[in-house]
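Q: Task: produce atomic coordinates for the following.
(chains A, B and C)
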Amino acid sequence: MSKTWTLAELAAATQTQIQGQANKLIHAVASIEHAQAQELSYIRDRKYVHLLPTSKAGALILTADLAAHYQGDALISTNPYLTYARVVTLFNPMVRPAAGIHPSAVIAEDVELGEGVHIGAHAVLEAGVRVGAETVIGAGCVLGTKVKLGAHSLLYPKVVLYSDTEIGDRALIHSGAVIGADGFGFVPEAAGWYKIPQVGNVVIGDDVEIGANTCIDRAAMGSTRIGNGVKLDNHIHLAHNVQIGDHTVIAGCTGIAGSARIGSHCQISGMCSIAGHLTIADRVIITGTSFVINSITEPGVYSSGVTVEEHSLWRKNAVRFRQLDQMARRLAKLEKQLAELQKNKD
Amino acid sequence: MSKTWTLAELAAATQTQIQGQANKLIHAVASIEHAQAQELSYIRDRKYVHLLPTSKAGALILTADLAAHYQGDALISTNPYLTYARVVTLFNPMVRPAAGIHPSAVIAEDVELGEGVHIGAHAVLEAGVRVGAETVIGAGCVLGTKVKLGAHSLLYPKVVLYSDTEIGDRALIHSGAVIGADGFGFVPEAAGWYKIPQVGNVVIGDDVEIGANTCIDRAAMGSTRIGNGVKLDNHIHLAHNVQIGDHTVIAGCTGIAGSARIGSHCQISGMCSIAGHLTIADRVIITGTSFVINSITEPGVYSSGVTVEEHSLWRKNAVRFRQLDQMARRLAKLEKQLAELQKNKD
Amino acid sequence: MSKTWTLAELAAATQTQIQGQANKLIHAVASIEHAQAQELSYIRDRKYVHLLPTSKAGALILTADLAAHYQGDALISTNPYLTYARVVTLFNPMVRPAAGIHPSAVIAEDVELGEGVHIGAHAVLEAGVRVGAETVIGAGCVLGTKVKLGAHSLLYPKVVLYSDTEIGDRALIHSGAVIGADGFGFVPEAAGWYKIPQVGNVVIGDDVEIGANTCIDRAAMGSTRIGNGVKLDNHIHLAHNVQIGDHTVIAGCTGIAGSARIGSHCQISGMCSIAGHLTIADRVIITGTSFVINSITEPGVYSSGVTVEEHSLWRKNAVRFRQLDQMARRLAKLEKQLAELQKNKD
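A: Down below sits the predicted model:
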């Protein structure tokens, strides 16, 4: 389906240099282990240099350094992984559906739609919605009142944007994502819990990707804010009034509690728990399953979590965890006693 | 959009006393840092008393104690946070859509609908469904056969209630919630796993809120039961036959395994894991990321989880976790040896 | 609703032996504590033998060993739990809706549907979709272009299958599941993150069950593969290029990162986190909340996680976790000093 490219065309499109035959035809991209004679592959770094001699790939994307060890055709790049990603994009251009509104979609009278918008079957756009040019709204999506969605965006089927949500340009939102549901806020009262109306909204920048079944709650008051270029994986939970800085990426199943402020260019791995009302600095990296209950003020890598071991060993060690403080005190006492003993001896 | 209130009207509506001008006009509610001359704010407790002198708010909700330190207009409340929540409600009354059934909704012939029910676009109500008065069913919701949903409830778009689910009055259910899917029950057999049909249902009390993309599974046999006034955040997983007592609140991403019985008035934080077939007493508080594998019989606060530290320190400490039991044994041995040494010395 | 069975009929259908009256009428199945005179129950193993004398059940499913202690009517089975599950199935046969396409469904012209397929209201089947015989597609499901779905399958409402997803026969997929959304793959570039197009798909075997709101991402390249007989609970996240071997079961809220290879016949409990690019052997059992960052090469039971204790104790112990490495070093130093002391003394 995708067109065939010459190495020269690929070099021009990705701003890389050619080593070998400029008119070599490339039909597809593949991993270095599987690539065949008309396919292009890449090596990310020197760690994989041992795969070079046995590769059957028609051409490889390599650094100049690696290319010196390779006789075959190649594209020379300062960043082979990025060049590879760009070539994958060339071979797999996004096919946007034709402009138009499916007759089964339900669109309020005052909705404003940009040029070239596509609205899928059974989508619902409520009063006051505004959608930018060339945006695609998948089947069964629901955009509540006064939602603003930018241009060149793509909502896969069954995305729900609650009323007043604002999203920038080039958004990519996967199925089942729910943006703008109520934050979780209650005040104890005699009869149980009194709901604090969640009267804020969600404001999302440009170039944001949101994974399947991820939820971003509306603010109690004001806005939950997601910066430009933020990438969110599946099953993420961002509570009310969370702030995420530009270009931060968050992996699957992570939850961030209310009013937490995450910096820009952070990398947060999967299944992390971040408590509310704290601040995380820019360029902080948090590894998988970490539990953060205090602010992090310096860039760096932060971790917690205990990894698996054989079950019967784990049982013994896990029990001792509850004795840790007592163990520490006994250790200190021993040190003191021994010091005393040695002093007396001298 | 929302109407303007005098301080006197707000005092009457919230059963609080006025300090200062009864006819002061209030246009909106805002946080103490942002509130302007026609806005009302509050201070939750003495911790924020330092914000009083610089506040630009038109009026504040304060305890009598705090009001003594404040010259401006105020509402005097025994519980400023609750009064604030009530005032937010006054300024943001729930706007329910008009009664009626959208022509694209698919409603079985024998469905019974109370007065004033609103059914959104593309909703589906299967045979035998009964819905109470004034309830709103959002776009694209699906109510399976024989679902009973009470009065004055609100289902946001794309909620799925499986057959036989029963929900009380004043429910608030957010998008993507799935109530009544099969519990996870299989018996090993030679060929793999034999599915145990999940023939029970889910029964939910009055005044329950259920967050976006939360799942409550139907019982294997009998009912999964959620009490009155229970509040569930997003991304919660309640397995088959779980029982949740009245007025218990559970924060996002927590999972509770099959047949666990949670008491009433409990507070369970986010990302907790609670094992199956155990019992948790009333008024138990469980902090974030806790892992519960045994019953908890006494009210109190319970915790587990290890919090982040700098990555290279974590690596060293995490490795030692696997040596904990061995360390404890070495410690005991040292204590014995030292005692022996000291005895011999005496 | 369900028909009445004689004990003889049940014995024939489940290949078990009768003890007592072959013509005993059974109307339903119930737990041993609740079963009445016309109901059948079971005891799983000797642990529950004390319940035998007081049971009011009309008949019990028992092992031959247990039946020797019981005077009443019984079905004798080598595996009472499995027989019980089979009897529950007999009393609760799956009622598939009648064949046919709801007029509100939107079906592309070239879709191929097997005999007896049912397609619910507002479902969408895009170009090139193929569905096997007797399969039921619930209300509001969306099947993207070229999806292949096998025969005798059941999709509950609001399942989304992205383009190119392939699923075998007898699949059971619950509401809110999203299969085939983009994997989470980005390359850092000067301006932020460059998206790696996710051009692979998801391939799922026969007899697979997928829980509510579970997500399985499409491969970056190639296929994310789920074997035959795999059972997935709710809220599971399987990242791009994950491989799950046949008959592996995974409980709720577990996340598995990219390119992890899980063996066959594994049992992975809830809320586990499994890192990417590792391999887990066949028949590995992983207990709840475990964190796996290295390959597991041998069958066995593996665990991690620390369980709750009273909050003030936890605070003391959790702080000590950060001193663990230091404590281990101090312990070793003490051992050395004491050994020295003893040597000098001798």
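Q: Enumerate the residues of the stretch 101-250 of chain A near chain B.
A: Counting by C-beta under 8 Å from any C-beta of the partner chain, the residues of the stretch 101-250 of chain A close to chain B are A:104, A:106, A:122, A:124, A:140, A:142, A:144, A:158, A:160, A:162, A:176, A:178, A:181-182, A:184, A:186-189, A:191-197, A:199, A:213, A:215, A:217, A:221-222, A:235, A:237, A:239. Heads up, the C-betas are built off the backbone N, CA and C, glycines and all.
Q: how far away is the residue nearest to A:Ala219 when sequence neighbours are not counted from A:Asp182?
A: Taking C-beta to C-beta, 6 or more residues apart in numbering or on different chains, and ignoring the residues beside it in sequence, A:Ala219 has A:Gly200 as its nearest neighbour in space, at 2.7 Å. When distance is defined by C-beta to C-beta, to the nearest Å, A:Gly200 is 10 Å away from A:Asp182.
Q: And these two? Which one has more around it.
A: Neighbour comparison, A:Gly200 and A:Asp182: the larger count goes to A:Asp182, with 23 against 19 (by other C-beta atoms under 10 Å in any protein chain shown).
Q: Now do the contacts for the more buried one.
A: The contact partners of A:Asp182, taken as C-beta atoms under 8 Å, 6 or more residues apart in numbering or on different chains, are A:198, A:217-218, A:240, B:172, B:174, B:209, B:211.
Q: For the residues you listed, name the two members farthest from one another.
A: The largest separation in these, counting by C-beta to C-beta, is between A:His240 and B:Leu172 at 15.2 Å.
Q: and the top helix by length along chain A with helix B:324-345, angle?
A: Secondary structure of chain A per DSSP state H: the longest helix is helix A:324-345. Compare the direction of helix A:324-345 with that of helix B:324-345 by axes from the mean of the first three to the mean of the last three C-alpha atoms, to 10 degrees and you get 30 degrees.
Q: From A:Leu62, how far out is A:Thr78?
A: Using C-beta to C-beta, one obtains 11 Å as the distance from A:Thr78 to A:Leu62.
Q: Compare those two and say which is more crowded by neighbours.
A: The neighbour comparison of A:Thr78 against A:Leu62 (other C-beta under 10 Å) goes to A:Leu62, with 25 against 10.
Q: Tell me how far the more buried one lies from B:Glu9.
A: Distance check for A:Leu62 against B:Glu9: by C-beta to C-beta, it reads 74 Å.
Q: ditto for A:Ala127
A: 30 Å.
Q: okay, those two: which has more neighbours?
A: B:Glu9 (16 against 13).
Q: tell me the mean pLDDT for the helix or strand where that one lies?
A: With elements taken from DSSP states H and E, the one containing B:Glu9 is helix B:7-14. For helix B:7-14, mean pLDDT rounds to 97.
Q: Check the offset of it from the chain's centre.
A: A distance of 29 Å separates the centroid of the chain from that of helix B:7-14, by C-alpha atoms, centre = their mean, to the nearest Å.
Q: buried residues in it?
A: If you call a residue buried by 16 or more other C-beta atoms under 10 Å in any protein chain shown, then helix B:7-14 has these buried ones: B:7, B:9-11, B:14.
Q: near chain A too, which of the residues you listed?
A: Near chain A, judged by C-beta under 8 Å from any C-beta, there are no entries from those.
Q: which one of A:His240 and B:Leu172 has more residues nearby?
A: Neighbour comparison, A:His240 and B:Leu172: the larger count goes to A:His240, with 26 against 19 (by other C-beta under 10 Å).
Q: Work out for me the element the more buried one sits within.
A: Here A:His240, judged by DSSP H and E, is contained in no helix and no strand.
Q: Nearest residue to it in space, please, no chain neighbours.
A: Taking C-beta to C-beta, 6+ apart as the measure, A:His240 lies nearest to A:Gly183, with 2.5 Å between them; neighbours along the chain are not counted.
Q: For burial, what's the neighbour tally of the one you found?
A: A:Gly183 - counted by other C-beta under 10 Å - has 26 other residues nearby.
Q: Whether stretch A:4-18 contacts chain C - can you check?
A: No - using C-beta under 8 Å from any C-beta, no contact is recorded between stretch A:4-18 and chain C, whose separation bottoms out at 11.4 Å.
Q: Show the contacting residues for A:Leu40.
A: For A:Leu40, the residues meeting the contact criterion (C-beta under 8 Å, 6+ apart) are A:10, A:26, A:28-30, A:57-61, A:75, A:87.
Q: can you pull the contacts of the residue nearest to A:Ala28 when sequence neighbours are not counted?
A: With sequence-adjacent residues excluded and distances taken as C-beta to C-beta, 6+ apart, A:Ala28 is closest to A:Glu39, at 5.0 Å. By C-beta under 8 Å, 6+ apart, the contact list for A:Glu39 reads A:26-30, A:57-58.
Q: Can you report phi and psi for A:Glu39?
A: phi -120, psi 150 (degrees, to the nearest 10).
Q: need the contact list for the nearest residue to A:Glu298 once chain neighbours are set aside.
A: Closest residue to A:Glu298 apart from its sequence neighbours, by C-beta to C-beta, 6+ apart: A:Ala281 at 6.0 Å. Applying C-beta under 8 Å, 6+ apart, we find A:Ala281 in contact with A:263, A:296-299.
Q: same thing but 10 Å
A: A:245, A:261-266, A:295-300 (C-beta atoms under 10 Å, 6 or more residues apart in numbering or on different chains).
Q: Extract the residue ranges of chain A that are flagged as low pLDDT.
A: Chain A contains residues with pLDDT under 70 at A:1-2, A:346.
Q: in it, which spans are helices?
A: Counting by DSSP H, residue ranges of the helices within chain A are A:7-14, A:64-67, A:80-91, A:311-321, A:324-345.
Q: Please identify the deepest-packed of these.
A: The highest average neighbour count among the helices of chain A, using mean count of other C-beta atoms under 10 Å in any protein chain shown, belongs to helix A:80-91 at a mean of 21.
Q: Can you report how many residues neighbour A:Gln267?
A: The local packing of A:Gln267 (other C-beta under 10 Å) involves 18 other residues.
Q: Pretty sure it sits against A:Thr254.
A: No - because the distance of 11.1 Å does not satisfy C-beta atoms under 10 Å, A:Gln267 is recorded as not touching A:Thr254.
Q: ok, now which ones touch the closest residue in space to A:Ile18 that isn't next to it in sequence?
A: By the measure of C-beta to C-beta, 6+ apart, the closest residue to A:Ile18 outside its immediate chain neighbours is A:Ala11, 4.8 Å from it. Neighbour list for A:Ala11: A:5, A:17-19, A:22, A:74-77, A:83 [criterion: C-beta under 10 Å, 6+ apart].
Q: go again using 8 Å as the cut-off
A: A:Ala11 makes contact with A:17-18, A:22, A:75 under the criterion C-beta under 8 Å, 6+ apart.
Q: Likewise for A:Leu143?
A: Taking C-beta under 8 Å, 6+ apart, we find A:Leu143 in contact with A:123-126, A:129, A:131, A:137, A:149, A:161, A:165.
Q: rerun that using 7 Å as the cut-off
A: Counting by C-beta atoms under 7 Å, 6 or more residues apart in numbering or on different chains, A:Leu143 touches A:125-126, A:129, A:149, A:161.
Q: Neighbour-wise, give me the winner out of the residues you listed.
A: Going through the contacts of A:Leu143 with other C-beta under 10 Å as the criterion, the one with the most neighbours is A:Leu161, at 30 neighbours.
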